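**Student:** Would you be able to build a 3D model of this:
(3 chains)
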Amino acid sequence: MYRSKKHRLGVAAVGLSAVLTLAACSSGDSEDTAATAEATEEVVVEESAAEEDTTQEEAEAAEETCVLPPGDIKVVSIDSMTGPAAFAGILTEEGADLALKEINASGLLGDGVTMSIELLDDGTSGDEAAAQFSKAAKDPDVPVIMGPILSSAAVVTSPIAEKEQVPVIYTQAGSPGVVIGDYTFRYTPSMDTYWGSVGSYIEEKGIKTMSVLYANDNATLINTAENAVPALAADLGFEILSSTGLPSSTQDFKAPISKILKEDPDAVAIMMVGAQNATVISQMRESGWESPKELLGFAGIENNLADIGEAAKGLTWASIFHVDSPSESTQKFVAAVKAEYGVDAANYHAERYDATYLVANSILAACSTDRQAIRDAMADLTNGSISGALGDVSFENQDARVSGFVVQWDGEKMVVLK
Amino acid sequence: MMGWIDQNEFLIGSTLTVFLLAISIQIPLRLGVISFASIGYYAIGGYGTAILMTQHGVSTWTSVVVASVAAAVVATLLGFIIARLNGLYLAMATVSFSLLLSAVAVNGGSITGGAIGIFGVIGGITIWHTAAIAVVIIIFVTFTERGKLSRRIDATRVDSQLASAMGINVTAYRRLSFPISGFIGGLAGALAVNLKTAIAPESVNFTLVVLALTIIIIGGQASWVGALAGSLFFVWLPEILVFVGEWEEVVYGTLVVFAAVLIPGGVVGLFNDWRHRRSVARERPKVALLEAAAGESDAELTQSRSGKDG
Amino acid sequence: MVQDLLNATTLASIYILFALGMSLVWGTIGILNFAHGSIFMFSAFVAYLVVQQIPLGMPAVVAIAMVSGALIAVAMQYLVFQPIMKKAKNPHAGELQLVIGGIGLSAIPISFAQRSTLSNPFGFSGGSFETQVYTIGGVIITNVMIIILIAGLGLGVGTALWIRNSKKGLALRALGVDPEVSAMMGIDRPKLALATMLYSGALAGLAGALLTYYFNSITSESGDTLLLKAFAVIILGGVGSIFGVILGSFILAFAEFGVLLYTDGSWVTAVSFGLLFLILIIRPQGILGKKEVRRT
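**Tutor:** Residues are numbered from 1 along each chain as shown, chains lettered A, B, ... in the order given. You can find the predicted model right below:
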């Protein structure tokens, strides 16, 4: 199955749905950048050649001497194109499509060498993803797999990857137990590693006390609420008055809000799932929660605010991707997405775009479609920092790390504070 | 062939564990007990095995057996607690039992791993082991589908009062179905966690309840063949439905509705009906001859017999 | 404290709105409708699609949702439930087929809504309705809350009285006790069943629209969450008893509120299942239910 199919466009708002464990990031909203497609392609060729810091010479050396046999290199991608996680899966694959188009147009892999992705839809089912992954991992003709975005699927597929010794690169899938060994890589920084970037805002506003409301059945949000928030509190010296974990099936938040109002904190951190975020924020506002009281969110929450708009004004959080990000490589990517799909780039685009380039560059650096060689090259490349759509990304044990920046909801869209 | 099995190892393994789960629901169902507690047994078997293997260093097979027995013990207790319930009330009680266990899994802290669950459960169980276990269970179930025992079971389901009047100890039969169902359900969970190497609360939720029930109703309630047919159908459906792409769920829903409306006996019932009709058609000329020779009542007797044996 | 009581009562009204139609259908024509949550969600979804194009006010949105709900429910009854009931050899076998039919049916609208929204939350922000907040003696109440309270309590009590006192209500109750004998007494079962489904669907639509206003946005899967709670509500009060639905809704809403207020809240999902399990062990017919007469 060649990926020639164009996916549906014009996604106005993207939401975290229940039952998912995605490490969500941010998407942009402003409409200022514009660039031509040709310019972008040129730029990307340069970028991919000068991408790595530490392994630059090696990569260049490989590029000079490497001649891959002409033909198509087919990697497999398992993604959620239908079901509750489709909002993320569709954008993810758009990001991959764009990268693929650039890679093949620029002849990055050499004369007559192209790369394609066989896309398998897991229907947002962990079992389906695992079955497809197991099949692909056992097929010796598959050099690399782009893993499922569901955490629940990824914790099952990672041991298979290690057993079958096939390199797999994930985006999203923010749970522990995903990056577990030599063959597993992840290009989405997990939220607990950058949520604390909102600290500068907390200091600036003089926040001394905080209450936390989080979904207790979402791995990413649990990790952030139970680890990142207390760590930041210890660091900055503010007090956590209460931390309430509620199931993502909760629909009415009047009771926990009543409890929090009695504690009277300076700020409330909200980390719920999907429509819940809109309900919590509007019910907080109806209960009289106004400035100078603060509301803190998390990366991805902007996708749930469309229906409450003005009520969420002032909500602040740390994000890793924004269309207005000052990074040069991000701006080039944003322009390319705009030209290709006519929409503002989302974090899902960016992560998979970068991950697809990493796959291509690993094949190039390995100068082979051998799984082991590609894995070694990928480990080498992720040893340093890579600049791409997400800006500068570094890796810790094959797991991405990015320093976040502070963003705020202005009533209609999110804007960069710093 | 071997290559194909190797490639589809995960799907085959899933089919087998889902089949065991379906059998676990089917056993009480054949006695007229609509119990969804099997999801709870599945959770006990799965979590039990995962906890024993990863946190206590117990060997794989010991963990599987201990967890399955634990599920059987819990099932026995449950059988006593909800003894006076019937029909959909019993169904509801068992649904809440299963979902309560799922809430325990979410709130179990480091023991159950909370929402993330337990991963890295790597034992040496292959699909061949699982297949062998499934065969043993099939042999056991076949034994209950033959002869006198089978007729007693059917009588208990169809009319429990009549069955009592005929001297069948309905309560004892129903009560005995709980530990058996519990053990097989626990086994399904234990083997599934070994196949998937991970278990999380979301894998033992209401969706699984719905899936297991649908499998039995669509496949057929009366025989293990129905459970197997249903498991094959639903586990492989996504593979088969690749061509409908994004409309997979719609097709799934429509198929289930059609099955519920048109084939109350399930796929196996449909097959049996067809076989019955065909044999009736084949026997009809002979019957006509007999009819000519003998009286009408004799002919009817022959016809019904040939229908049953054919 | 008054604020908490008011909020819990609003939650109870929400449960009443959702469970009322389901209980009516189960207690009278014997269908445990697993697709009720889907009807609820899809009615709100249809209204959302319209509101995206035309900025309507609340009455129009509610009307659209109610009509959609009624139409979907009638279609389900006519195409699926009625044929199953006609075919069933005994009530017990029919019961399961109905449950499965409902499960299959519920997957279809959910899948359509997921495709259309890409599983994003949706709400009525395209409409002209604005939530107003009033403060009376320190207690905060919104116009949406007032409407939900009136609709939930009013329809709950109204339906209960109608079932108890009217001739049609008597016919419905008779159906619930013994379908065969009531048919002999001249009750047109299929017609009455269709009317009951229509009412139940309209109620689901009403609940869908009002809840979307109250929560500001819902998702394609929101109906399923409420479905499980409705089981608890109906069985707590007693199947077939409409006052039971009101009582069950209050018990569940106040229990959940209490757990959220006085504990860390992580066990709140267990409340509905725990109550359900307990009542079934202690008093299977529910608090206000009559002794089960139908089954062995």
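**Student:** Can you report how many residues neighbour residue C:116?
**Tutor:** For residue C:116, the count of nearby residues is 14 (other C-beta atoms under 10 Å in any protein chain shown). Quick note: C-beta positions are derived from backbone N, CA and C, even for glycine.
**Student:** Which element, helix or strand, includes it?
**Tutor:** Here residue C:116, judged by DSSP states H and E, is contained in helix C:91-117.
**Student:** what packs against the host helix or strand of residue A:233?
**Tutor:** Here residue A:233 sits within helix A:229-236, counting by DSSP H and E. Packed against helix A:229-236 by the contact rule (3 or more C-beta pairs under 8 Å, 6 or more residues apart in numbering or on different chains; DSSP states H and E) you find helix A:199-204, strand A:209-215, strand A:239-246.
**Student:** looking at those, which is buried most?
**Tutor:** Among the helices and strands packed on helix A:229-236, the stretch with the highest mean neighbour count (mean count of other C-beta atoms under 10 Å in any protein chain shown) is strand A:209-215, at a mean of 23.
**Student:** hmm, who's touching the helix or strand following it?
**Tutor:** Counting by DSSP H and E, the next helix or strand C-terminal to strand A:209-215 is helix A:219-223. Here helix A:219-223 makes contact (C-beta atoms under 8 Å, 6 or more residues apart in numbering or on different chains) with A:21-24, A:151, A:174-176, A:190-192, A:214-216, A:245, A:271-273, A:298, B:114-116.
**Student:** Does the residue of chain A most remote from its centre lie in a helix or a strand, and which?
**Tutor:** With distances taken as C-alpha atoms, centre = their mean, the residue sitting farthest from the centre of chain A turns out to be residue A:262, at 36.1 Å. Using DSSP H and E, residue A:262 sits in helix A:254-263.
**Student:** Spell out whether that helix and chain C are in contact.
**Tutor:** Yes. Helix A:254-263 comes into contact with chain C (C-beta under 8 Å from any C-beta of the partner chain), by way of A:254-256, A:258-259.
**Student:** how about the strands in chain C?
**Tutor:** Under the criterion DSSP state E, chain C contains strands at C:133-136, C:139-142.
**Student:** Dump these into CSV; add distance to chain A as well.
**Tutor:** Formatted as CSV, the strands of chain C follow (distance: least, C-beta to the nearest C-beta, whole Å):
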stretch, distance to chain A
strand C:133-136, 5
strand C:139-142, 6
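**Student:** quick one on the thing from earlier: give me the distance from the helix holding residue A:262 to the chain's centre.
**Tutor:** Centroid displacement of helix A:254-263 relative to its chain, using C-alpha atoms, centre = their mean, to the nearest Å, is 32 Å.
**Student:** What residues of that helix count as buried?
**Tutor:** Within helix A:254-263, the residues that qualify as buried are A:254-261, counting by 16 or more other C-beta atoms under 10 Å in any protein chain shown.
**Student:** who wins for proximity to chain B among the strands of chain C?
**Tutor:** Across these, chain B has its closest neighbour in strand C:139-142 (31.2 Å, C-beta to the nearest C-beta).
**Student:** elements contacting that closest one?
**Tutor:** With contacts taken as 3+ C-beta pairs under 8 Å, 6+ apart, strand C:139-142 sits against helix C:2-29, strand C:133-136.
**Student:** Is chain B within reach of the longest one?
**Tutor:** When you say that, I think you mean helix C:2-29. No. Judged by C-beta under 8 Å from any C-beta, helix C:2-29 and chain B are separated, with a smallest distance of 8.5 Å.
**Student:** Quickly check: that helix near chain A or not.
**Tutor:** Yes. With C-beta under 8 Å from any C-beta as the criterion, chain A is reached by helix C:2-29 at C:3-4, C:7-8, C:10-11, C:14.
**Student:** Can you pull the phi and psi angles for residue 194?
**Tutor:** No chain specified, so I'll use chain A. Taking degrees, to the nearest 10, you get phi -130, psi 0 for the backbone angles of residue A:194.
**Student:** In contact with residue 217, which residues are there?
**Tutor:** Chain wasn't specified; assuming chain A. Residue A:217 neighbours (C-beta under 8 Å, 6+ apart): A:247-248, B:106, B:115, B:201-202.
**Student:** that answer is for a different chain, and I need it for chain B
**Tutor:** Counted by C-beta under 8 Å, 6+ apart, residue B:217 has contacts B:230, B:259-260, B:266, C:96-97, C:100.
**Student:** got CSV for the residues you listed, with neighbour count too?
**Tutor:** As requested, these are exported to CSV (neighbours: other C-beta atoms under 10 Å in any protein chain shown):
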residue, neighbour count
B:230, 29
B:259, 23
B:260, 27
B:266, 24
C:96, 23
C:97, 22
C:100, 24
